[in-house]
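1. need a structure here:
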Amino acid sequence: MAVLHSEDVEDGFVLIDLTHEEYLQARQRALDEIGLTYEQLAEQARTRRFSSPDARSLWLRIKPA
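-> A predicted model of the protein is given here:
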């Protein structure tokens, strides 16, 4: 993963800019780690019944704005 720009934002948080392709690759790796597809995770979010704390945490990071 190439970091185009990285800077400390505040108190331990780091802002990293990714290309769209890098974002999609990172999102897919995270989904693979929890064993869900994006569609499955989105359905869990829609019903507010997440299969694990990790699933909920991932959704909070990747949900559409």
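
2. what's whichever strand or helix holds residue 55 in contact with?
-> Per DSSP states H and E: residue 55 is located in helix 53-62. With contacts defined as C-beta atoms under 8 Å, 6 or more residues apart in numbering, helix 53-62 is touched by 27, 30, 31, 33, 34, 36, 41, 42, 44, 45, 50. C-beta: built from backbone N, CA, C; applies to glycine.

3. hmm, which helix or strand of the protein has the shakiest average pLDDT?
-> None of the helices or strands of the chain scores lower by mean pLDDT, DSSP states H and E than strand 5-10, at a mean of 56.

4. what's near enough to touch residue 33?
-> Taking C-beta under 8 Å, 6+ apart as the test, what residue 33 contacts is residue 54.

5. State the helix or strand in which it lies.
-> helix 20-34.

6. Of the contacts of helix 53-62, just the buried ones, PyMOL syntax please.
-> Here the buried members of these are turned into a PyMOL selection, burial being counted by 16 or more other C-beta atoms under 10 Å:
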select buried, resi 27+30+31+36+41+44+45+50
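
7. can you tell me the helix or strand for residue 50?
-> Here residue 50 is assigned to no helix or strand, by DSSP H and E.

8. quick one: it and residue 44, what's the gap?
-> To residue 44, residue 50 is 5 Å away according to C-beta to C-beta, to the nearest Å.

9. quick one: low-confidence parts of the chain?
-> Along the chain, the parts satisfying pLDDT under 70 run over 1-11.

10. Correct me if wrong: residue 45 contacts residue 63.
-> Yes. Residue 45 is within contact range of residue 63, at 6.6 Å (criterion: C-beta atoms under 8 Å).

11. burial measure for residue 39, as a count.
-> The tally of other residues near residue 39 (other C-beta atoms under 10 Å) stands at 9.

12. List of residues touching the one helix or strand it maps to?
-> Per DSSP H and E, residue 39 falls inside helix 38-47. The list of residues contacting helix 38-47 from outside it, by C-beta under 8 Å, 6+ apart, reads 27, 31, 34, 36, 50, 51, 55, 56, 58, 59, 62, 63.

13. let's see 10 Å
-> The contact list for helix 38-47 (C-beta atoms under 10 Å, 6 or more residues apart in numbering) reads 24, 27-28, 30-31, 34, 36-37, 49-52, 55-56, 58-60, 62-64.
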